[in-house]
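1. build me a model:
(chains A and B)
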Protein chains: 2
Amino acid sequence: MSGNTAHAAATTFRKGNGRIDRAPYDLDTVLDIAVATFNERGYEATAISVLAERLGTSKSALYYHVSGKEELLRRALDRALDGLEAVVEASAAVPGTAADRLEYVLRGAVRVLVGELPYVTLLLRVRGNTDVERDAIRRRREFDHRVSELVDAAHAEGSLRADLDSGTTSRLLFGMINSIVEWYRPGGPLDAEALADATVSVALDGLRAR
Amino acid sequence: MSGNTAHAAATTFRKGNGRIDRAPYDLDTVLDIAVATFNERGYEATAISVLAERLGTSKSALYYHVSGKEELLRRALDRALDGLEAVVEASAAVPGTAADRLEYVLRGAVRVLVGELPYVTLLLRVRGNTDVERDAIRRRREFDHRVSELVDAAHAEGSLRADLDSGTTSRLLFGMINSIVEWYRPGGPLDAEALADATVSVALDGLRAR
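-> Residues are numbered from 1 along each chain as shown, chains lettered A, B, ... in the order given. As a prediction, this is how the structure comes out:
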């Protein structure tokens, strides 16, 4: 089944009852609707039939794209995690200090949050009730761990204040960044770049005028 | 019924079936268990019978304390909101600049978060499905609004950086503070005062060594 999912929209196929059904959306659209519905109602409470209804299609047309609800969740969480992990990977090649690499990661994380807002929202709400969710939590912890290592390195080189421990520092940093999914709405006066600038600047330099 | 709720624990009373039942907990204990269960399972998904079971008592003994699940929710949200509002009220009497009053509010908010951790966690998860929840959201918005006014005043007096707008500033600030409910666990190496110091210090002065 998963081999089919790479195909694009509007493929026709014949169902068992002879009716010709249409798979009217590409996988990205299916995912967008699924993620919006999971965020609104919760993953557990969302039946696959509700997704089919929202897409204006049948369950069988939906099964043309994915093997079920869990595959939608996995693909959605992968999309958020792939984005965040790519930022950490790329940071290794940033020249300069550990603080420069940390700044690159913070800025990149804000961009991923804004660019994949509903996907990261879903990721941040995952509670670990299924294997797919537990895998996602494991990958998120690994991401957090690598950012903490960068914070440690920036501490060790003297770029960050010595009076704050790096565990608390990392948590407050990501608390601030992750909160963006709660209040940021794209299309307002603040675009992704301005938000990334403001966030990194508050984190590193604070709010006080100097 | 609500007139009864001020009474303390272990009052005996006779049920319709003649069995003598005991109300074995005071209201604070009932609330603690209810809030822990709401946070774990969600308010909607928690039946009053589950709360009775967790308390090792009967539904009728529970109804001796409260009129129902909604009263528990209201009392729980009141406790979180009363704490936060008291901080803003008290800040009006703090001498000095608007920045001093803002610092007082941030520090006080962290203390309330830590002191009433499960209660504030519940408040932050409220989505507005009932009148009780909508009232709580209205009070929380009023609190946010009063903090934003303090941020505005601190901006206007030149205490805060002029290059950041106060809306974004307030949201990042409270994003960082509210995230504490997600990761802080009492009893660890960081007590409430040290956490309040670290949070206020990161918010105002940033992480960068100077």
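2. please report how far residue A:185 lies from residue B:47.
-> 35 Å (CB to CB, to the nearest Å). In this view, the C-beta of every residue, glycine as well, is placed from N, C-alpha and C.
3. where does chain A have low pLDDT?
-> Applying pLDDT under 70 to chain A flags the ranges A:1-25.
4. could you break chain A into its assigned domains?
-> A:3-66, A:73-204 (automatic domain parsing).
5. who's more crowded, residue A:185 and residue B:47?
-> Per other CB atoms under 10 Å in any protein chain shown, whichever of residue A:185 and residue B:47 has more neighbours is residue B:47, with 12 against 7.
6. residues contacting the closest residue to that one other than its chain neighbours?
-> Distances taken as CB to CB, 6 or more residues apart in numbering or on different chains put residue B:69 closest to residue B:47, at 8.0 Å, once the chain neighbours are dropped. By CB atoms under 8 Å, 6 or more residues apart in numbering or on different chains, the contact set of residue B:69 is B:34, B:43, B:46, B:47, B:48, B:51.
7. repeat for residue A:127
-> By CB under 8 Å, 6+ apart, the contact set of residue A:127 is residue A:133.
8. cool, residue A:46 as well?
-> Contacts of residue A:46 were listed using CB under 8 Å, 6+ apart, and they are A:34, A:37, A:38, A:69.
9. among those residues, the buried ones, what's the ChimeraX command?
-> Selection of buried members from the contacts of residue A:46 for ChimeraX, criterion 16 or more other CB atoms under 10 Å in any protein chain shown:
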select /A:34,37,38,69
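10. whichever helix or strand residue A:123 is part of and chain B in contact?
-> Taking DSSP states H and E as the criterion, residue A:123 maps to helix A:117-125. No: for helix A:117-125, no contact with chain B is found by CB under 8 Å from any CB of the partner chain; the gap never falls below 9.0 Å.
11. who are the packing partners of that helix?
-> Judged by 3 or more CB pairs under 8 Å, 6 or more residues apart in numbering or on different chains; DSSP states H and E, helix A:117-125 is in contact with helix A:27-41, helix A:69-91, helix A:180-183.
12. may I see the buried residues of the next helix-or-strand element following it?
-> Sequence-wise, the next helix or strand downstream of helix A:117-125 (DSSP H and E) is helix A:131-156. Using 16+ other CB under 10 Å as the burial criterion, the residues of helix A:131-156 that qualify are A:132-133, A:135-136, A:139-140, A:143, A:146-148, A:150-155.
13. and stretch A:157-164, by the same measure?
-> Counting neighbours by 16+ other CB under 10 Å, stretch A:157-164 gives A:159, A:160, A:161, A:164 as buried.
14. so the third one is in contact with residue A:206, correct?
-> If I follow you right, that is residue A:161. No: the criterion here is CB atoms under 8 Å, and residue A:161 misses it with residue A:206 at 10.3 Å.
15. got any residues that touch both of those two?
-> Common neighbours of residue A:161 and residue A:206 (criterion: CB under 8 Å, 6+ apart): residue B:205.
16. OK, contacts around the nearest residue to residue A:99 once chain neighbours are set aside?
-> Once flanking residues are discounted, residue A:99 sits nearest to residue A:159: 3.5 Å by CB to CB, 6+ apart. By CB under 8 Å, 6+ apart, the contact set of residue A:159 is A:97, A:98, A:99, B:208, B:209.
17. could you redo the last one with a cut-off of 10 Å?
-> Going by CB atoms under 10 Å, 6 or more residues apart in numbering or on different chains, residue A:159 touches A:97, A:98, A:99, A:100, A:102, A:103, A:151, A:153, A:204, B:207, B:208, B:209.
18. the second one touches residue A:148, doesn't it?
-> Think residue A:98. No: with contacts counted by CB atoms under 10 Å, residue A:98 stays clear of residue A:148, the gap being 11.9 Å.
19. so which of the domains of chain A is the most surrounded?
-> Of all the domains of chain A, domain A:73-204 carries the top mean neighbour count, a mean of 18, counting by mean count of other CB atoms under 10 Å in any protein chain shown.
20. quote the end-to-end distance of it.
-> End-to-end distance of domain A:73-204: 35 Å, with CA to CA, to the nearest Å as the criterion.
21. ok now it, how far from the chain's centre?
-> 10 Å (CA atoms, centre = their mean, to the nearest Å).
22. what does stretch A:41-54 give?
-> Centroid separation for stretch A:41-54 versus its chain: 20 Å, with CA atoms, centre = their mean.
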